[in-house]
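Undergrad: how does the following fold in three dimensions:
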Amino acid sequence: MARASSNSRRNSVLRNIFHLCCLWICCFFQDTNAFQSPASIVSWRLTDDSHPHVVVTAGKRLGRNQEFKCAQSRLRMAAEENQWEEPFVPEQGGGGGNKNNNKSPKDDSFGGRFQRWWNSDEGRDDVRTYLISLSIALLLRFTIIEPRFIPSLSMYPTFDVGDQLAVEKVTKRLKPFYRQEVVVFNPPQSFRDILVDQYGQDGSRAREALIKRIVAIEGDEVEVKRGKLYVNGDQQDEPYTAEDANYEFGPVIVPSDCVLVLGDNRNHSLDGHIWGFLPNRNIIGRAVFVYWPPWRVGNSGMF
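TA: Purely as a prediction, here's the structure:
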């Protein structure tokens with residue numbers, strides 16, 4: 001029993017770690033198999049060899065059959081402790097054939113299994129684990145780091161459609177923003193107006209977060225001419241861009257508490273050269289690395 005108890009505790013720890021990992025990756029993805037009642041394991045019955053029509057508990061069968069070896073299973077533990085959910089009530093008196101058990105038949109429907117799981121110690125442990133895991137995942141999601149999905153080619157070749165990346169939200173409070181950093185932000189009102197009025201897009205889509213690269217910060221003089229970006233009169237080396245810009249922009253001075261952001265795919269990006277400057281308060285966080293798909297994992301071109 002001590003060995004079985006030790007295995008049970010170890011399995012419980014491993015199950016809790018698995019729940020935490022699942023909740024972190026999927027943000028509370030719930031597998032329906034987790035709600036299968038453990039009662040489906042410990043409520044089996046064994047048939048007596050000498051009287052096949054008589055159903056007996058595993059505890060009685062175990063006493064007559066020493067070959068029943070299951071030291072690490074719930075079945076052995078329940079049999080030794082005689083803790084069946086529906087113990088067999090033997091017939092009283094003689095003759096007359098079989099009599100019905102006074103116990104009502106067990107409900108094997110999903111609702112019944114769920115009710116037994118909910119009332120069990122294992123069910124309470126699982127609920128507590130899920131709640132703790134969910135709280136930790138939400139805390140990380142809203143205060144430290146969050147996942148983002150790339151839906152377009154405006155930042156190609158740094159990001160491709162379908163890339164998933166992590167965005168950290170802590171350092172924006174600790175240090176200023178720098179040129180060439182990739183940031184995720186809530187679009188300003190000027191972007192929303194252009195998207196709705198000129199492109200006929202839905203207002204809800206105009207509120208979706210965007211991802212661009214900072215090319216100029218507060219006080220910089222910025223200009224795009226002959227396809228190249230100039231900041232404070234110096235041509236910028238931009239190996240991460242898809243091609244030279246085919247538009248002219250500036251020169252303009254970036255106002256206080258603002259940055260200018262452009263897409264790496266300069267000619268296919270609705271960015272700051274169209275809708276203007278981005279207030280620092282709109283920035284959600286810095287993109288730190290791509291985590292999916294596996295062959296694109298890394299942070300190349302983000303800094």
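Undergrad: in stretch 127-145, which residues are buried?
TA: In terms of neighbour count (16 or more other C-beta atoms under 10 Å), stretch 127-145 has its buried residues at 129-130, 133, 137. C-beta here means a position set from N, CA and C on the backbone, and glycine is covered the same way.
Undergrad: in those, find the pair that's most separated.
TA: Within the buried residues of stretch 127-145, T129 and A137 form the most distant pair, 12.2 Å apart (C-beta to C-beta).
Undergrad: how about the buried residues of stretch 127-145 in a markdown table, adding secondary structure, pLDDT and distance to P279?
TA: Below are the buried residues of stretch 127-145 laid out as a markdown table (DSSP: H, G, I helix; E, B strand; the rest coil; pLDDT from 0 to 100; distance: C-beta to C-beta, whole Å):
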| residue | secondary structure | pLDDT | distance to P279 |
| --- | --- | --- | --- |
| T129 | helix | 86 | 41 |
| Y130 | helix | 86 | 39 |
| S133 | helix | 86 | 36 |
| A137 | helix | 81 | 30 |
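Undergrad: all strands of the chain, in order?
TA: 46-47, 55-56, 145-149, 164-168, 182-185, 210-216, 221-225, 228-231, 234-235, 249-253, 258-262, 278-279, 283-292 (DSSP state E).
Undergrad: can you add mean pLDDT and distance to P157 and give those strands back as JSON lines?
TA: Output for the strands of the chain, formatted as JSON lines (pLDDT from 0 to 100; distance: least, C-beta to C-beta, whole Å):
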{"stretch": "strand 46-47", "mean pLDDT": "35", "distance to P157": "66"}
{"stretch": "strand 55-56", "mean pLDDT": "40", "distance to P157": "69"}
{"stretch": "strand 145-149", "mean pLDDT": "90", "distance to P157": "17"}
{"stretch": "strand 164-168", "mean pLDDT": "93", "distance to P157": "14"}
{"stretch": "strand 182-185", "mean pLDDT": "96", "distance to P157": "13"}
{"stretch": "strand 210-216", "mean pLDDT": "96", "distance to P157": "12"}
{"stretch": "strand 221-225", "mean pLDDT": "96", "distance to P157": "19"}
{"stretch": "strand 228-231", "mean pLDDT": "96", "distance to P157": "17"}
{"stretch": "strand 234-235", "mean pLDDT": "95", "distance to P157": "21"}
{"stretch": "strand 249-253", "mean pLDDT": "94", "distance to P157": "22"}
{"stretch": "strand 258-262", "mean pLDDT": "97", "distance to P157": "14"}
{"stretch": "strand 278-279", "mean pLDDT": "96", "distance to P157": "22"}
{"stretch": "strand 283-292", "mean pLDDT": "94", "distance to P157": "12"}
